[in-house]
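Student: Give me the fold of what follows.
(one chain, ligands or ions: 1)
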Amino acid sequence: MIVAANLKTNLTRKQTNIYIKELEKFLSSENITQDIFVFPATSSLDTFDTQTIVGAQNAYPVQNGAFTGEIGLDHLDEFGIKTILIGHSERRHILGESQEAIAEKFNYFKELGFTIVYCVGEPLEKREAGSNVMMEYINAQYEGIDTKYEKLIIAYEPVWAIGTGLTPTNEDILAIHRELKKKSQAPLLYGGSVKVNNAKEIMALQNVDGVLVGSAALNVEDFCQMAVFAEDLEK
Ligand code: PEP
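Tutor: Numbers count the residues shown, from 1 in each chain. Just a heads-up that it's a prediction; the model follows:
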């Protein structure tokens, strides 16, 4: 199982260091063997010699250069970061990243052998328009993406469920994960308002290989508890 925390624009470098220390202490005391990922804010990246896999929320597909406000490969290499989140809905919808730009980023980091957590998911109006429209929308998010890449992890995150406290029903998650598994055999995470009170039942669903957690992961105890659920489900 994979349990991943997207810390978004939260936790300073100091706070992130404390967070990861607490998490590490817990993982080793509870003998957690699942794959635990944390994606800190860019300025909180550091060299972490940890069981937790620390990844970048974003980087520009370039080694370095004139791309104001972005970081490149040099900045990830400095901290030995080999994992990246690509295609998150906040980057698609708030920062306006196109599928073309996302695919370019994907291919750049794929060539470098990065582990890529690649996010897909539909806004509410696409879901409400019926399953054909919804699947057409999600299918377009696979354009230019190598679904057979061996270091690919996919996260299905319905946009309307992110940070809203709303989640699809378990039946809906089962149905969409079944469809998405036909498109790629890569581990498939569910994300969107995962909390301690629903994480275990979501992770127990067929074709759910873990969770990507935003707001609830900011509480390190809650995130640790989700790691325990994942461990229990693997027993
Ligand atoms: C996310 O942003 O990836 C996410 C899943 O957020 P939240 O858990 O807050 O819905």
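
Student: Spell out the residue ranges of the strands in this protein.
Tutor: Per DSSP state E, the chain carries strands over the ranges 2-6, 35-39, 53-54, 83-86, 115-120, 152-156, 188-191, 210-213.

Student: Kindly report the residues of this protein close to the ligand.
Tutor: Those residues of the chain that sit near the ligand, judged by C-beta under 6 Å from any ligand atom, are 6, 157, 162-163, 191-194, 212-216. The way it works is simple: take the backbone N, C-alpha and C, and place the C-beta from them, glycine included.

Student: Drop anything exposed from those.
Tutor: Applying a neighbour-count criterion of 16 or more other C-beta atoms under 10 Å, the buried members of the residues of the chain next to the ligand are 6, 157, 162, 191-194, 212-216.

Student: Considering the residues you listed, which is situated nearest to Ala227?
Tutor: Minimum distance to Ala227 across those is 10.4 Å, recorded for Val213 (C-beta to C-beta).

Student: Now do the same for the closest one: its pLDDT.
Tutor: What the model reports as pLDDT for Val213 is 98.

Student: Once you drop chain neighbours, what's closest to it?
Tutor: Val194 (4.8 Å; C-beta to C-beta, 6 or more residues apart in numbering).

Student: Check that neighbour and give its pLDDT.
Tutor: pLDDT, Val194: 97.

Student: need the contact list for it.
Tutor: By C-beta atoms under 8 Å, 6 or more residues apart in numbering, the contact set of Val194 is 167, 202, 211-213, 216, 226.

Student: which residues touch Val211?
Tutor: So Val211 contacts 2-4, 189-191, 194, 199, 202-203, 226 (C-beta under 8 Å, 6+ apart).

Student: quick one: the helices in the chain?
Tutor: Taking DSSP state H as the test, the helices found in the chain are 13-29, 73-77, 89-93, 99-111, 124-128, 131-140, 170-183, 196-203, 220-234.

Student: Let me have those helices in JSON lines, extended by distance to Gln63 and mean neighbour count.
Tutor: Output for those, formatted as JSON lines (distance: least, C-beta to C-beta, whole Å; neighbours: other C-beta atoms under 10 Å):
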{"stretch": "helix 13-29", "distance to Gln63": "23", "mean neighbour count": "16"}
{"stretch": "helix 73-77", "distance to Gln63": "5", "mean neighbour count": "16"}
{"stretch": "helix 89-93", "distance to Gln63": "21", "mean neighbour count": "19"}
{"stretch": "helix 99-111", "distance to Gln63": "10", "mean neighbour count": "18"}
{"stretch": "helix 124-128", "distance to Gln63": "36", "mean neighbour count": "15"}
{"stretch": "helix 131-140", "distance to Gln63": "29", "mean neighbour count": "14"}
{"stretch": "helix 170-183", "distance to Gln63": "31", "mean neighbour count": "16"}
{"stretch": "helix 196-203", "distance to Gln63": "37", "mean neighbour count": "18"}
{"stretch": "helix 220-234", "distance to Gln63": "33", "mean neighbour count": "18"}
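
Student: Let's have those helices in CSV, adding distance to Leu152.
Tutor: Formatted as CSV, those follow (distance: least, C-beta to C-beta, whole Å):
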stretch, distance to Leu152
helix 13-29, 24
helix 73-77, 18
helix 89-93, 17
helix 99-111, 8
helix 124-128, 23
helix 131-140, 16
helix 170-183, 11
helix 196-203, 19
helix 220-234, 19
